[in-house]
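K.L.:
The sequence isn't on hand, but the structure is:
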């Protein structure tokens with residue numbers, strides 16, 4: 001019997017608004033299309049297999065129907081995950097996206113029992129970690145999934161209870177500083193995601209932020 005669990009709040013690119021999680025859930029998200037667009041070219045994804053969890057934020061190039069379709073293809077590939085390592089996840093997404101306009105993506109595998117986090121990014125997805133056992137400052141690979149990808153670097157780090165990471169598309173301005181919000185890291189991940197969406201989302205693009213603790 002498979003131990004794969006697709007969490008009930010895993011989403012496709014059609015999602016707009018808040019992630020429907022209980023108040024005490026260790027994650028939160030907000031996603032919305034560019035104002036005036038009917039579909040969202042951003043997406044976020046959550047899944048669990050055995051003790052590991054896969055989290056991703058996808059940004060289809062541009063916005064509108066083409067970006068939406070690209071994000072859906074990425075989500076469909078991610079939904080097949082059964083514990084494969086992160087480099088295989090990225091190459092699989094890259095292969096199936098060749099018929100689309102392409103996308104960028106940041107993704108991580110978190111194993112809470114092993115206290116380990118693995119991260120990789122392609123393109124301009126912002127990843128930040130707070131209160132982790134060691135500094136985590138990964139650098140994304142250059143390229144576009146479905147179009148141009150030379151290699152995938154996996155960043156491996158220790159993880160611990162109380163640590164928090166944020167994944168955001170470039171529809172969220174990178175100018176935010178958690179130091180400007182005293183006490184916010186002590187609030188729920190959903191509140192943190194909501195504050196970043198409220199204060200830093202760009203009107204010129206789709207926007208998505210995913211917070212995991």
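P.N.:
That came through fine. Note that this is a predicted model, so its numbers are computed, not measured.
K.L.:
I'd like to know which elements the helix or strand hosting residue 195 is packed against.
P.N.:
Per DSSP states H and E, residue 195 falls inside helix 189-200. Packing partners of helix 189-200 (3 or more C-beta pairs under 8 Å, 6 or more residues apart in numbering; DSSP states H and E): strand 17-18, strand 27-32, strand 164-168, strand 207-212. C-beta here means a position set from N, CA and C on the backbone, and glycine is covered the same way.
K.L.:
where do the strands sit along the chain?
P.N.:
Listed in chain order, the strands of the chain (DSSP state E) span 4-5, 17-18, 27-32, 42-49, 52-60, 103-111, 116-122, 126-130, 155-158, 164-168, 207-212.
K.L.:
so which of the ones you listed comes closest to residue 178?
P.N.:
strand 126-130 (6.3 Å; C-beta to C-beta).
K.L.:
avg pLDDT for the closest one?
P.N.:
Averaged across strand 126-130, pLDDT comes to 98.
K.L.:
Pairing partners for that strand, with directions?
P.N.:
strand 164-168 (antiparallel) (DSSP bridges).
K.L.:
ok, and what's touching the strand it pairs with?
P.N.:
44, 55-57, 106, 108, 117, 125-132, 136, 185, 189, 192-193, 196, 207-213 (C-beta atoms under 8 Å, 6 or more residues apart in numbering).
K.L.:
tally of neighbours for residue 113?
P.N.:
Residues contacting residue 113 under the criterion other C-beta atoms under 10 Å number 8.
K.L.:
residues touching residue 110, list them.
P.N.:
Residue 110 touches 52, 53, 55, 116, 117, 118, 159, 212, counting by C-beta under 8 Å, 6+ apart.
K.L.:
Relative to residue 197, how far out is the second one?
P.N.:
If I follow you right, that is residue 53. 22 Å (C-beta to C-beta, to the nearest Å).
K.L.:
swap in the last one?
P.N.:
As defined by C-beta to C-beta, residue 212 lies at a distance of 16 Å from residue 197.
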